[in-house]
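In: Starting from these lines, generate the structure:
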Amino acid sequence: MLPRSILYILVMCFCSSTAFAEVQTYIREYTYQASEADSKLSARTIALQEVKRELLSELGTHISSLVKIQSSSDGKSLGKVEIETLSAGVTSLEILNEDWNGKVYVLKAQIKADPEDVLKSLNKMLDNDRRQNQISQLSGDLSKTQDALSKLSTEKIQISESLTQSKKETDAALAEIARLKKQLEEKQTETSRKNLETEYQHQINQLTLNEWVESANKSYQQGLYDKAIYWYQKAADQGNASSQFHLGFMYENGNGVTQDYNKAIYWYQRAIDQGYANALNNLGFMYQSGKGVAPDYKQALYLYQKAVTQGNVQAQSNIGFMYEHGLGVTQDYKEAKNWFQKAADQGNAYAQNNLGFMYQFGKGVNQDLKQALYWYQKAVDQGHANAQNNLGFMYLIGSGVPQDYKQALNLIHKAADQGNASAQNNLGFIYQNGKGVTQDFIQAIYWYQKAADQGNGYAQDNLGFIYQNSKGATQDFKQALYWYQKAADQGNASAQYHLGSMYENGNGATKNLMQASYWYKKSSDQKFEKAKIALKNIQGIN
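Out: Next comes the predicted model:
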């Protein structure tokens, strides 16, 4: 599995020096001696694969020597194959000359690579990985929405795994072709020769299919979704399970195509029919969230459990979530903790984050802040945005660690930069209240706005408060009312109270005591003490 942080390491290395900002050119010529079973097309296919392998090997070695990568985030040395995979993802091959005389196919090709272009491509990959994660509140309820959304973030890892698998299959096909070619050169019966020739053609077709899959994966990594869809479709139509899965994912999320849940389900099911565990997990999430189908927790759990039996770690974490929240099963924190533990022990960052949450708040376990810190840190080391936010929050309030605003700001900022709405809200709070930074309402509004635009109810309430009370912004009751309304509609008790106050006093709206009472009651039902008092006052109760 290709560690996520490799891409980050490459970016950092290229950023640290400008000495390599020039185009490097690599040229190789490969001569393929055809067998009787070869056609021009099969000879070209083999020659192209071989020359590309030589070029990428040289380029990977060159990049390795430039950036001097010593180890990945898990402390293991990076292998040549991993570096080649990265190199292949940000380059294009150009054929300079090719010749076929019926017996020999000569192919000359080149790869050009500019570290500046490599940097841009890698940054684009990082941008594509910045997905919205769970919405949470500053008070610490940091796990209300599902970490099953993690499948969006793990797509890059799955793409990397697919690239690695495709390369293995290409190498295996080339080795098998060499073996079959040797056999064909020996004396064979007519029946044996026909069988060998059939298998030979099958392996040639496999090379072509692998080329399509690699092209799709590389295009996806670079954010070239139109191209990715084209190549995935070709490979999926030929029965390639990983391409069927990725095609389903792109339809589910509208990457390069119009979002279409029915097509997503269709392609996930095609991949499932071939035993593709990731597709079982993703289809389970669609049943859980009601995407393209009526919500069906029992079916979701069934699919997750099938994925687990095939070794899918993320499905373990998702089952844990269902037990934690009682979805399709009786709520059981201990069982949830057990599933999170299984996945966390296998390095799943989402389970590590959720396990940290269980220990932080004593769900299914005795509260243990040291264990919470340990598991949050494990997930943080993998760049997990929720964990960065959660751990940052612990430093912000001094929970289990000495209060450290600088460390809190660093961690929460990292999560906010990844698009995490909860972290953006928390960052707004830090700037609004000057926690370890100079108080800055402009920055506070900036981060609240980013979180509010993603639907974060706490940020919407905070933004409304700023507009209502002219904290860093021109007082604007209509804007305040707008944001309070959006947050109140999501059940935010504080916003419901503020909305009641605005209707009671006629701020931004016509004074309306019935509306005020309605929203105070909503807030009071959630045990918001200020709302209880306001409701009593408005009803004239002593």
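
In: and residue 108, that's in a helix?
Out: No - going by DSSP: H, G, I helix; E, B strand; the rest coil, the assignment for residue 108 is strand, not a helix.

In: how much space between the residue lying closest to residue 476 once chain neighbours are set aside and residue 461?
Out: Spatial nearest neighbour of residue 476, excluding adjacent residues (Cβ to Cβ, 6 or more residues apart in numbering): residue 467 at 4.7 Å. Quick note: C-beta positions are derived from backbone N, CA and C, even for glycine. According to Cβ to Cβ, to the nearest Å, residue 467 stands 11 Å off from residue 461.

In: Give me the common contacts of the two.
Out: residue 483 (Cβ atoms under 8 Å, 6 or more residues apart in numbering).

In: Those two: who's more crowded?
Out: residue 461 (27 against 23; other Cβ atoms under 10 Å).

In: after the top helix by length along the chain comes which helix or strand?
Out: The residue-count maximum for a helix in the chain (DSSP state H) belongs to helix 190-221. Going down the chain from helix 190-221, the next helix or strand is helix 225-237, by DSSP states H and E.

In: wait, what's in contact with the residue nearest to residue 476?
Out: Here residue 467 is in contact with 473, 475, 476, 477, 479, 480, 483 (criterion: Cβ under 8 Å, 6+ apart).

In: Filter those residues down to the buried ones.
Out: Neighbour-count burial (16 or more other Cβ atoms under 10 Å) is assigned, among these, to 473, 476, 477, 479, 480, 483.

In: From the contact counts, what lies against whichever strand or helix holds the fifth one?
Out: Taking DSSP H and E as the criterion, the element that holds residue 480 is helix 477-489. Contacting helix 477-489 under the criterion 3 or more Cβ pairs under 8 Å, 6 or more residues apart in numbering; DSSP states H and E are the following elements: helix 457-469, helix 493-505.

In: Format the CA atom coordinates belonging to the first one as CSV.
Out: These are the backbone C-alpha positions of helix 457-469, laid out as CSV (Å, rounded to 0.1, in the frame of the first residue of the first chain):
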residue,chain,number,x,y,z
GLY,A,457,-24.4,25.0,12.3
TYR,A,458,-22.1,26.3,14.9
ALA,A,459,-20.2,28.5,12.5
GLN,A,460,-23.6,29.8,11.2
ASP,A,461,-24.6,30.7,14.7
ASN,A,462,-21.3,32.3,15.4
LEU,A,463,-21.5,34.3,12.2
GLY,A,464,-25.0,35.5,13.1
PHE,A,465,-23.7,36.6,16.4
ILE,A,466,-20.9,38.7,14.8
TYR,A,467,-23.4,40.4,12.5
GLN,A,468,-25.9,41.0,15.2
ASN,A,469,-23.4,42.5,17.6
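
In: quick one: pLDDT of residue 33?
Out: For residue 33, the model assigns a pLDDT of 80.

In: returning to what we had before: out of the contacts of residue 467, which two sit at the greatest distance?
Out: Maximum pairwise distance in the contacts of residue 467, criterion Cβ to Cβ, is 13.5 Å, between 475 and 483.

In: Dump the contacts of residue 467 to a markdown table, plus pLDDT.
Out: Converted to a markdown table, those look like this (pLDDT from 0 to 100):
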| residue | pLDDT |
| --- | --- |
| 473 | 76 |
| 475 | 88 |
| 476 | 91 |
| 477 | 92 |
| 479 | 92 |
| 480 | 92 |
| 483 | 95 |
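
In: Closest one to residue 387 out of those, please.
Out: The closest of the contacts of residue 467 to residue 387 turns out to be residue 483 (Cβ to Cβ; 28.4 Å).

In: picking up where we left off before, the helix holding residue 480 vs helix 457-469, what angle?
Out: For helix 477-489 against helix 457-469, the angle by axes from the mean of the first three to the mean of the last three Cα atoms, to 10 degrees is 160 degrees.

In: May I have helix 477-489 as CSV, with CA atoms only?
Out: C-alpha atoms of helix 477-489 as CSV (Å, rounded to 0.1, in the frame of the first residue of the first chain):
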residue,chain,number,x,y,z
PHE,A,477,-29.5,42.3,11.4
LYS,A,478,-30.7,40.8,8.2
GLN,A,479,-27.4,38.9,7.8
ALA,A,480,-27.6,37.9,11.4
LEU,A,481,-31.2,36.6,11.0
TYR,A,482,-30.2,34.7,7.8
TRP,A,483,-27.4,32.8,9.5
TYR,A,484,-29.3,32.2,12.7
GLN,A,485,-32.2,30.8,10.7
LYS,A,486,-29.9,28.4,8.8
ALA,A,487,-28.3,27.1,12.1
ALA,A,488,-31.7,26.9,13.9
ASP,A,489,-33.1,24.8,11.1
